[in-house]
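In: Here is the input, now give the coordinates:
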Amino acid sequence: MSNPRITAVLFLASAAVLAGCESNPLQVQRSPCPAVAIPTYTGDTTLFTGSGQDAANIDVVATMTNVREACSETTESFTSDITYDVVARRTSAAGARTVTLPVFATVVQGGNLLVSKQVGAVNVDFADGQARAIGKGGARGTVSRAVATLPPETLAKINRKRKAGDLDAAVDPLSDPEVRAAIRAASFEVLIGFQLGESALAYNVTK
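Out: All right, here's what the predicted structure looks like:
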C-alpha cells in the first residue's frame, strides 16, 4: 500500500458497457477477500511527556506503514492476514526503552457495519542512543464465504450479455439500486490503526 493514510471507503468495481458491441466483454472483477485500509487520522500517534500537546512536550511519534495483505480461502471463509511496520522516533535517545502502542483491527461490512473488533499492542524497542526504531504488527480478518459471495442472480444482472439496439445496452448495471446493495452487503474491509483516545484523535485531526 503506497499511502497508508487513506480514508477507508467501499470500492465498487464498475463494468463498462459499450454500445455497438455484440456483447459486454468486461465483467465485474471483485475479490471476496476483505480489503485492508487504515482509517484517516489513525495511522499516526504522538506521545507527550507533559500534559500539553505541543512540540516542546513531544516524547514519541509513530507511524503505521508497509501494510501487506495475504488472502487465503477455505470452503467456509475468506481470510486476510495483514502485517505492518510501526516506525517510531523518540525525542530523547538516552537509555534503552520499550514503547508499547495500542492498535486495533476491525472487520467492517458494507463500509459502515462493524462485524468485529480486536485491540492489541505493538512494542517498539529502542536501544540506548537509538532515536528511531521499528516494531512489527499483524492482524487477521475472516469473513464467511456465503456472505462475501455475490448471489447468482446479482452476477447474472451484472454480466448479462448486451447487444446493440437493446434498450438497456448502454445502462451501467451498477445503476440498479438492488445490484449496488448486494455488492455493498458482500463487501468487507479490515481496518487497522492506532487505538487513540479522544485527545490523541483530536490532535491528529488538527495537526
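In: Centre of the chain to the helix-or-strand element of the chain with minimal mean pLDDT, how far?
Out: Between all helices and strands in the chain, the lowest mean by mean pLDDT, DSSP states H and E belongs to helix 152-159, at a mean of 73. Centre-to-centre, helix 152-159 and its host chain are 27 Å apart (Cα atoms, centre = their mean, to the nearest Å).
In: just checking, what packs against it?
Out: helix 177-185 (3 or more Cβ pairs under 8 Å, 6 or more residues apart in numbering; DSSP states H and E). From N, CA and C alone the C-beta is placed, and that goes for glycine too.
In: Okay, now the sheet partners of the helix or strand just after the helix it packs on, with direction.
Out: Next in sequence after helix 177-185, counting helices and strands by DSSP states H and E, comes strand 188-194. Counting by DSSP bridges, the strands paired with strand 188-194 are strand 35-37 (parallel), strand 97-109 (antiparallel).
In: Adding mean pLDDT, mean neighbour count and distance to residue 123, write those strands out as CSV.
Out: Formatted as CSV, these follow (pLDDT from 0 to 100; neighbours: other Cβ atoms under 10 Å; distance: least, Cβ to Cβ, whole Å):
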stretch, mean pLDDT, mean neighbour count, distance to residue 123
strand 35-37, 92, 22, 22
strand 97-109, 96, 18, 5
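In: and residue 62, which of those is closest to it?
Out: strand 97-109 (5.7 Å; Cβ to Cβ).
In: roughly how far out does the closest one sit from the chain middle?
Out: Worked out by Cα atoms, centre = their mean, strand 97-109 lies 13 Å from the chain centre.
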